[in-house]
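*Asks:* Need coordinates for the below:
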Amino acid sequence: MRIAEDAQLTVAVIRSKGEIELADRFRSAASRLPGGPEMARLRSDAFGRIAAAGLPHRRVEDWKYTDLRAKMTDAHPPALEEAGRLDEKALAAGLGRALSRLAAVTYVFVNGRLASWDSGPLHADNPNLEITTLGKELGGKGKGQSEALAERLGRPGGPSYAGLDLNLAFVTDGAIVTIPDGAKLPTPLHLVYLSDLSEPRSIATRSLIRLGRGASATIIESHVGSGAAARQTSHVTEIEVGAGAAVEHVKVLAEGSGSQHLGTATVRLAAKSQYRGFQHSEGPALARNQLFVTFQGEDASVQVSGTFLASGHEHIDTTLVIDHAVPRCTSRELFKGVLAGDARGVFQGKVIVRPDAQKTDGKQTTQALLLSETAEFMSKPELEIHADDVVCGHGSTSTELNDDHLFYLRARGIPQEAARAMLIEAFIGEAIDQVGHEALREALRERARAWLDKGGW
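*Replies:* Got it, this is the predicted structure:
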């Protein structure tokens, strides 16, 4: 027990072992993290909020199904000395054959630091793409530039929760991407965050992405792991979509069975813009994927979908908040999960329609396939509607494999395991079909098949 004091009140606060270790890790690492005095202040403020509130737990409504305080029993040291040498074989194994061969401009961050990039220097000689790294900008000599970036990282207005603060306190590197007005990327931009560890470590990275007016791009973020050591990763992606712009944003999470991943994306959409997002998660010990979307301009649209695949004692949490703050916007969400063994899946999807957001059209669907009697799926769809001229709905179901469908395939000579795999692939295929980029869609199908090929379902 530790005693927290201020001028008015003395309060006894019980802290978990993980929270005490986390505070110790921050104190020992703070002076070695990148950035100037303003960034150091922001880091200190962020960690101060974590220390005051503690890690989120089951009594916090948004975290009732994912008790981070109970699950984060240890806080690993930040990976500040393990940065950077790229092992091409480890990268290819983590991404899988199809994804590693996908034609794309690729930037690879290893253990929280840039390790490899395509297309020449960081400021690529390409009028359609401006890219640099967070670590480089934080370490820049220009005081004004560093302070401006620190202000952007710490600015208010986004959701206030432990994930953002934890990331801000420890972040080391990531991509800063700007796609100018009217620019159209001919091939995807692939940001790979590889954790290649021999000892338990924590890693914090962040992507800052802006699309100008009328711009378009496909952006992939792959979070993959190599090595047998446990890892705790934190990643934040901030996306600003300009008026009339369109972006497809795909996140792949496959860091390994010893990983705990806390990921967040915030998306802000201007008028007549489009955001198409997809999340694929497989095999973590613990994952929490959060997406916060805010419509800031009228006639914009969002389509978000995803798949989550878990077995053993794995736990995957998908939490969405879609905020219709202006009129005449459309949102669609479709998530499908497969849970085997003692795995646990969580889906929390909240659609908010503000009083002035008339003519809103929002629909949300989530479905889980339970392959064992001990697998669990918790779903909490929410509609918070403050306007009267809207069309909104949600649905959530969980089911088992259909015995009649399985018998049909078996009767045609298909072995039991192959028949089950075919039905599972067909189940999640509806979500994967939402991905617009054809080669990327096929790469995701291959990842799902590789997970299914492990068998035992």
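
*Asks:* what comes up buried for stretch 48-66?
*Replies:* Across stretch 48-66, burial judged by 16 or more other Cβ atoms under 10 Å covers Arg49, Ile50, Ala51, Gly54, Leu55, Pro56, His57, Val60, Trp63, Tyr65, Thr66. C-beta here means a position set from N, CA and C on the backbone, and glycine is covered the same way.

*Asks:* same question for that stretch, mean pLDDT?
*Replies:* Stretch 48-66 shows a mean pLDDT of 90.

*Asks:* on that earlier part again, and the buried residues of stretch 48-66, which two are the farthest apart?
*Replies:* The most widely separated members of the buried residues of stretch 48-66, counting by Cβ to Cβ, are Ala51 and Tyr65 (24.3 Å).

*Asks:* re earlier: adding distance to Arg354 and secondary structure, write the buried residues of stretch 48-66 out as JSON lines.
*Replies:* Below are the buried residues of stretch 48-66 laid out as JSON lines (distance: Cβ to Cβ, whole Å; DSSP: H, G, I helix; E, B strand; the rest coil):
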{"residue": "Arg49", "distance to Arg354": "27", "secondary structure": "helix"}
{"residue": "Ile50", "distance to Arg354": "30", "secondary structure": "helix"}
{"residue": "Ala51", "distance to Arg354": "33", "secondary structure": "helix"}
{"residue": "Gly54", "distance to Arg354": "31", "secondary structure": "coil"}
{"residue": "Leu55", "distance to Arg354": "31", "secondary structure": "coil"}
{"residue": "Pro56", "distance to Arg354": "26", "secondary structure": "coil"}
{"residue": "His57", "distance to Arg354": "30", "secondary structure": "coil"}
{"residue": "Val60", "distance to Arg354": "24", "secondary structure": "coil"}
{"residue": "Trp63", "distance to Arg354": "25", "secondary structure": "helix"}
{"residue": "Tyr65", "distance to Arg354": "27", "secondary structure": "coil"}
{"residue": "Thr66", "distance to Arg354": "27", "secondary structure": "coil"}
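
*Asks:* quick check, nearest of those residues to Arg344?
*Replies:* Tyr65 (7.9 Å).

*Asks:* Correct me if wrong: that closest one contacts Gly345.
*Replies:* No: using Cβ atoms under 8 Å, Tyr65 makes no contact with Gly345, being 9.4 Å away.

*Asks:* wait, what's in contact with Ser116?
*Replies:* Listed by Cβ atoms under 8 Å, 6 or more residues apart in numbering, the contact set of Ser116 reads Leu86, Thr106, Tyr107, Val108, Val110.

*Asks:* what bridges to it?
*Replies:* Beta-bridge partners for Ser116, by DSSP bridges, are Val108.

*Asks:* What residues are bridge-paired with Gln274?
*Replies:* According to DSSP bridges, beta-bridge pairing links Gln274 with Ala246, Ser301.

*Asks:* Pull the contacting residues for Gln279.
*Replies:* Here Gln279 is in contact with Val250, Lys251, Leu253, Asn289, Leu291, Val304, Ser305, Gly306, Thr307, Phe308, Thr318, Phe335 (criterion: Cβ under 8 Å, 6+ apart).
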